[in-house]
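Participant: Generate a structure from the sequence data that follows.
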Amino acid sequence: MPMYGENPWLDIQKQRQAEHEDWHVDFGPSLPKIPADATAAEMRELVAAHKMAGFVNKHLDDKEVCELLELLPDDERSFSLTVDNWAVSGTQDAGGWNCTAHNQNDDEATFKLPADLDKTQAEMEAARAIRERFGTNPEDELNDLSDGMIDILQRLSIDNPEKAIRLYMLNRLPADLAEEFGAAYDKAASNGQDEDLLSIVSDPLVSFANHEAVFYVFKWRTPQLTEALEPSFISFVDSNKGGRALSLPLLTYLFEEFQKQNSDGPTEKAPTEDELRNLSDAELASLYFKTRALAAQTGPRPVGVWK
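Facilitator: Numbers count the residues shown, from 1 in each chain. Sure, this is the predicted structure:
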């Protein structure tokens, strides 16, 4: 079940529509949030507007392209969200995203974001700007995971990564958000109505927990991603994810590219028999789970979430 920024019924609706009308849209990695009950025509309009917005954002230095901003739907050029106790809104013009925030004490903060950000990127950057400016760390609002829960998640990550991501979030989120997320996830899984799920995942704190969960589940499934490589891999992802929401397929692809760029580095030396005999219980357990993760990777792999 997709957890972030996707419509699980989109392909089904496309297949049904194709029986009555020939049509095709080339869907890229970035999509607008499409209602589950949208018609094929409405989908085309939403995707076309989103693609046009992406093109305009990347060519705002071109005066003629910049004039197309006025033709974009308001929904692609504005946003509003709640970040902690701040209500944040933003509108896009040729100069950038003009953002305004108010809190419960009627304090006001204004700031500007680069014009080449799309709506989703602008929302995430606005949330980050508010938290950096006023000293609120989303991790302070999340629950710590116990050692026992981490052990469960590491095991589950190998055999059922989707379930591991869901369980990670349910245990990391505050009780009220965890309950709301769980209900929305179950509803989407049972009948495909994912509007509530997309709404709750758009909350900055839930989005943060989702990206964190995706990264750690990927890390636990990928024994080749050692502690020594992790910092440089994180930097590589930050530079190459291109504003896309973090997902296991995306991380799998980026890790393969990362390995290609670092293939000339020193290879890890295999342990000797004596070293294997002297492993502690904890080291043996770690080796066992890494071996299972490698075995799992030899099966079917996804084809084409981040902290």
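Participant: Surely residue 230 touches residue 219?
Facilitator: Yes - with contact defined as CB atoms under 8 Å, residue 230 counts as touching residue 219 (7.3 Å). For the C-beta atoms, the positions are set from N, CA and C on the backbone; glycine is no exception.
Participant: higher neighbour count, the two?
Facilitator: A direct count of neighbours by other CB atoms under 10 Å for residue 230 and residue 219 places residue 219 higher, at 19 against 12.
Participant: Find the helix or strand that that one is a member of.
Facilitator: Residue 219 belongs to helix 204-221 when elements are defined using DSSP states H and E.
Participant: Okay, helices next: where are they in the protein?
Facilitator: Using DSSP state H, the helices found in the chain span residues 10-18, 40-58, 63-66, 74-77, 119-134, 147-159, 161-172, 175-191, 195-201, 204-221, 230-240, 248-261, 273-277, 281-296.
Participant: Now the fourth one: average pLDDT?
Facilitator: In this model, helix 74-77 has an average pLDDT of 68.
Participant: Next: the fifth one.
Facilitator: Model confidence over helix 119-134 averages 82 on the pLDDT scale.
Participant: just the third one next, same as before
Facilitator: When pLDDT is averaged along helix 63-66, the result is 54.
Participant: Flag the shaky bits of the stretch 201-307 of the chain, pLDDT-wise.
Facilitator: The stretch 201-307 of the chain contains residues with pLDDT under 70 at 264-273, 276, 284-285, 287-307.
Participant: For the helix holding residue 219, which helices and strands make contact with it?
Facilitator: Contact partners of helix 204-221 among helices and strands, from 3 or more CB pairs under 8 Å, 6 or more residues apart in numbering; DSSP states H and E: helix 119-134, helix 147-159, helix 161-172, helix 175-191, helix 195-201, helix 248-261, helix 281-296.
Participant: deepest of those, which one?
Facilitator: Mean neighbour count (mean count of other CB atoms under 10 Å) peaks for helix 161-172 among those, with a mean of 20.
Participant: Output the contacting helices and strands for it.
Facilitator: Identification of packing neighbours for helix 161-172 by 3+ CB pairs under 8 Å, 6+ apart yields helix 147-159, helix 175-191, helix 204-221.
Participant: List the contacts of the second one.
Facilitator: The list of residues contacting helix 175-191 from outside it, by CB atoms under 8 Å, 6 or more residues apart in numbering, reads 1, 3, 8, 166, 169-171, 173, 193-194, 196-197, 199-201, 203, 205-206.
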